[in-house]
Each structure stands twice: as C-alpha cells, then as structure tokens.
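Student: attaching a predicted model along with its sequence, questions to come.
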Amino acid sequence: MERSHAQAVMDDLHDALGRRLAVSSLAPCPVEFTAALVNLCSTQSCGKCTPCRVGLSALSDLLADVLEGRADESTLNLIERTARTIYLSSDCAIGYEAGAMALTAIRGFRDDFEHHIREHSCGFDREARVPCVSGCPAHVDIPGYISLVEAGRYADAVKVIRKNNPLPLVCGLVCEHPCEMHCRRGMVDDPMNILALKRFATEHMEEDYRPWIAPLTHKRIAIVGGGPAGISCAYYLAIMGHDVTIFEQRRHLGGMLRYGIPSYRLPRERLQEEIDWILECGIKVELEHSVDGEELARLREDYDSVYLAIGAHTDKKLGLPNEDAPGVESAVKMLRAIGDEEMPDLTGQRIVVVGGGNVAMDVARSAVRLGADKVTIVYRRRICDMTAQDAEIAGAQAEGCEILELTAPVAVEVGPDGRACGLRVQPQIIGEPRRGRPAPRASEDPERVVPCERIYVAIGQDIVSAPFEAMGIACKWGRVVTEPDGSVPGFEGLYCGGDCQTGPATVIRAINAGKVAAANIDHYLGYDHKVGIDTELPPLKLKGLHKCGRCELKEREAGERTSDWELVEQGLSPEEARQEASRCLRCDHFGFGAFRGGRIDQW
C-alpha cells in the first residue's frame, strides 16, 4: 500500500517526536512534562470509553490549572483520583497506561506540584547548563573542545578535556559516552559522535604540553589504588602543588583499565603513555604494595590525608553445585592475567562464559583470540536486556561467539577426573518486570547440558572490604560508607571514592570521583586551588543548520582481528572529524546554555 500525503506528513511528525523523546532532557519541569504527556495520550484516544475520552481531557484541564495558578491543595487530590480512575477503568492500554503514567508523576513529584500551587512557578532545579556537559559525569566542556577540533587545534582540545578529565585518550576509546544521549543534535538527525572526536583529538595532537602546577604546599597525600579514580585524584592534587604517592597492589597502574579491558579495546602501550604523562607531574608510585587495615592506619599517621580508591576486583559466585571444580574460573582473574601479559592457552577448547555485561563480552572475545574452538555466552535474560554495550555484543557475535539467551545455569557437570565438562542449563521464559527489567522464570522445556572444557563466571564484582571493616570503617553491602564530601566518618583525613564507595561503575564516573575527592581533600588541607585553562575558543561561526548524518567509527574485519590483540575500532579520518565537529549546535552559546551562563572556565 502506498502512503497518502497525510500519512507521510504524520510519519515525519512521529519521527521528529521520537527523536525528541530519545534526547533525554536533564531539566524538564515535572508538571509541564506531565501535562504534555497527558495531552499527547489524549490525542491517541479512540473515544470509545468514557474514562479515556473524557478523563484524559479533564486531567489535562486540571494540570493546566496547576500551571496557570488556579489550583489549590484539593486540586492535587482530584488529579490523583482522576488519574487513578482512568488507570483502573479504561478499556485498553491507551487509557490505562496514560493514567498509570500520570499517577506515577503526581505521586513522584508531588512537592513540585505543591510548589507550583504555592509560588506559581517551577521549583525544579534547572541548573543544567549545556545538555552534553551536564550529562557527562565529569562535566567536560564538550562544545568547547569540539569547536577546537573543528578548527584543527587538537592540543588545545586536549587541554580543555584535561581540565575535567585527565584521561582523554582512555575515554576516547572505552568511555560509555552518556553525554551523547542528551545531545540536542539528536532532535535534528543524530547525536554528535562525541567519543570519536575526543579520540581524534588525542591521536592528532600537534605537540605535547605540560600542565601548569601550583607552588608546592609540602602537604603529603597517600592514594590507595592506582585505577582511574586514584590516578585522577593524584593528578589534580599534584597540579594543586601537593606531594602525592600512589600505592598500587599490582605490578602496573591502571586498575580495571589494564586488568579488566583487553588490548583490542584499550592498547596497553597507549594506556601506559597516558599514565606516564600524568606521573610526570611529580607523582610518586609504589607498585606491588598491598594496603590492609594495619597499613592504612600507618599511612594515616605518616600522611596529611589518605584517599582510598581500591577497585572491585573480586568476582561474585554463581552458587551452583560443583562450582569449585577445576575448570570453573573467574573472568576477572583471566583478564587480570592477560593484563600482566600472562596469556592462558585455550587452543582447541570449548569455552562457556556466564554473564551479560561488558566483562562477559571481553572474556568471550579474549577467549577467541586465545585459540578457543568455540565460545558460548550463557545469559538468563534476553539479549536486549544485557548490560553490555550494544557495540560489545555485536562485536562478540561478529567474532563468532554464540549467545544463548534466556538460559539459566543450574549446575556444573564434572567428568570422571573431577574437572568441569559442561554446564547444565534451564531454558527460561521472560516474565513481568522486577527492579526495572523483565525477570525470567524457568520454562517447561527440559534442562540440557552445554559441553565445554572451561567455564568463566562473569556475573559481577565486589570489593574486599573486610580488612577495613575490621578497623572500624563502616561498610554497607560491601561498600565503604562516606559523608557527602567523600570523607569517612570517624576517621579524620580519610576519604574514599570510586568503586569501593559506589560499587562497580563506569570509567568516567570513577574519574569524576577522583576529581571531586581532589577538590575536597584540597579544602580539608586548608587550600582553595582552582583548576582552569587559558585556552581561547575559536570565534563562533554563524552557519545555517543543515541535516547531516553522523560519522561512525569503522571496525577491522572480524576474520582479521580475531588473530591478534590490535585495536578493533578505527578512528575518524580528518575529513570525517571536521564534518562531525561542524554538526555541533553550540548549546554553550545558544539557547538555554547561554541563559544559564554557558561555559564554566574553572572548578
């Protein structure tokens, strides 16, 4: 069937609406958003049932009363009763889902509704300046460095990044780029490829530079843990003029950057280059130096402040029969061995990986490169429910890894020699949502065995908190309990951040944790150093808006890349980088960004 002109126009409007909804706004007024949502739902009503046809219209009028200052406390109760009635009595999903959403909003944001009634204005915090900057955990000046990339000033672009993020090369390769989901360019066509532009800037710097370092304060700070949080904290404290020493348990710095991310995603030599650049700021390092409760007490006596930034390097257990049999191994330990250049020989073996996160994908793809004959990923939910990045899942499948979705492990099968020889699994069926995701349950299909020679468990990580709990540090669910500023209650001068405070998180969140800790420790020591840059941005060019597709990173052919550990993704060409950078809408100069102050030059 051919579309009529009216259908074509409506499809275009639907696409535009979808793009706007996909661009996650960080600071909408909850009352305005709820009113717009109810109005949209009202346009979809078929008009058959009264609760939907009349109820949504009445609900819209009540919300308008709140926004226009005509409501009182009784109006809120009427809104809640009306939404509940629509939810309970509408004939189909158009009505009852609309009622459910309105009910969730009025209950979840009641204080904002009350503020509108009392003050006749929005009380919601609208401090978000630029969407991508606010969406970045480290608040990197993204429009600023993109404009410098467009101008061909790549070293200056890296300077701008390092004001808030000392690991731009790392983040240009492995960051999960949450900033892109807030990019307003997505309303026009596609979000900016912020990740690729950051990588391009680091790979095309015209010259190296050294950061400005404040006069020495002779204050000594110990950083326990050399992962992204510890390294970031050490960098900012060092350029503030403090004397910093990192204590790292393993042979190399980097934490999960080295011991959790394989070289085909983050080459070891490039990671080391960035770490060496940071250490040249005057940071001391003691490798293979473990810190337990007794050692932490000594550090607190010898140093003016201590930052605890140990990562989550302990794997979780499945809790299955025969889980301790030889051949059942930790995914974290495997990646740790690879990080120390100790490559396990998996030639000709059948490998099963249990899990659905990035670690599971990294282990599976590493097993392929280590000579495994077959790699099977077992996951109890659907592929679309996996927590791994879509690119990681697609990469694993392209390299020949088989994913068994809706398959739950039941027991480890062992052979006559006592070694694991297979994983017994139970097919699942997806069910109702639980904790934000549809939960699986056992289906009526019979159990079966996935034969293998080795099983890697990748279902999550924990920190080793017992030594710190023994010395009186409060921990909850295996995480160190801190004050809002990161200080540990009852332990003067001790701060904590990163995975050991929040649980396993992303690289950029760990970097921001270190940055925040550096500022708080600096204040604790009696200083107020500012971190900024003197880089001038190129003059703003007024150019007409034209639609343009997003430049994506290419990958090496799967058949070629599985035989080595070289980088899989290829960076943008200079032509692609210029075009991609030119797509930026410069929200730091136009619209809400300018109204709220635009760029933040120092913190």
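Tutor: That came through fine. Numbering: from 1, shown residues only.
Student: residues near His557, how many?
Tutor: Small correction: residue 557 is Glu, not His. When neighbours are counted by other CB atoms under 10 Å, Glu557 registers 8. C-beta coordinates here come from the backbone N, C-alpha and C atoms, glycine included.
Student: next one: the one 4 residues further on
Tutor: Residues within reach of Arg561, counting by other CB under 10 Å, total 21.
Student: and the closest residue to it other than its chain neighbours, what does it touch?
Tutor: Sequence neighbours aside, Val568 is the residue nearest to Arg561 in space, at 5.3 Å (criterion: CB to CB, 6 or more residues apart in numbering). Residues in contact with Val568, defined by CB atoms under 8 Å, 6 or more residues apart in numbering, are 264-265, 395, 555-556, 561.
Student: now do Leu318 against Asp485, distance only.
Tutor: Distance, Leu318 to Asp485, by CB to CB, to the nearest Å: 38 Å.
Student: and what of Arg437?
Tutor: Counting by CB to CB, the gap from Arg437 to Asp485 is 33 Å.
Student: now Cys52
Tutor: To Asp485, Cys52 is 50 Å away according to CB to CB.
Student: those two: who's more crowded?
Tutor: The residue with more neighbours, out of Cys52 and Asp485, is Cys52; 25 against 13, by other CB under 10 Å.
Student: helix/strand/coil for the more buried one?
Tutor: helix (DSSP: H, G, I helix; E, B strand; the rest coil).
Student: can you tell me how far Ala214 is from Ala100?
Tutor: For Ala214, the distance to Ala100 - CB to CB - is 55 Å.
Student: right, I mislabeled it, should have said Ser57
Tutor: According to CB to CB, Ser57 stands 18 Å off from Ala100.
Student: what do you get for Gly172?
Tutor: 42 Å.
Student: then Lys219?
Tutor: Taking CB to CB, one finds Lys219 at 55 Å from Ala100.
Student: same check on Pro321?
Tutor: 42 Å.
Student: neighbour count winner among those two?
Tutor: Counting neighbours by other CB under 10 Å for Pro321 and for Ala100 shows that Ala100 has the greater number, 17 against 13.
Student: surely that one is within a helix?
Tutor: Yes: counting by three-state DSSP, Ala100 is found in a helix.
Student: surely it is in contact with Leu88?
Tutor: No: using CB atoms under 8 Å, Ala100 makes no contact with Leu88, being 9.7 Å away.
Student: residues contacting the residue nearest the centre of the chain?
Tutor: When CA atoms, centre = their mean is applied to the chain, the residue found nearest the centroid is Thr506 (4.6 Å). Thr506 makes contact with 137, 175-176, 178, according to CB under 8 Å, 6+ apart.
Student: who wins on neighbours among those?
Tutor: Using other CB under 10 Å as the neighbour test, the contacts of Thr506 are led by Cys175, with 25 neighbours.
Student: got the contact list for that residue?
Tutor: So Cys175 contacts 195, 198, 506-508 (CB under 8 Å, 6+ apart).
Student: just the helices in the stretch 151-300 of the chain please.
Tutor: 154-162, 168-174, 194-203, 228-239, 256-259, 268-279, 293-302 (DSSP state H, counting those that start in this stretch).
Student: figure out how far whichever strand or helix holds Pro143 is from the centre of its chain.
Tutor: If you go by DSSP states H and E, Pro143 is part of helix 142-150. When C-alpha coordinates are averaged (CA atoms, centre = their mean, to the nearest Å), helix 142-150 and its chain have centres 22 Å apart.
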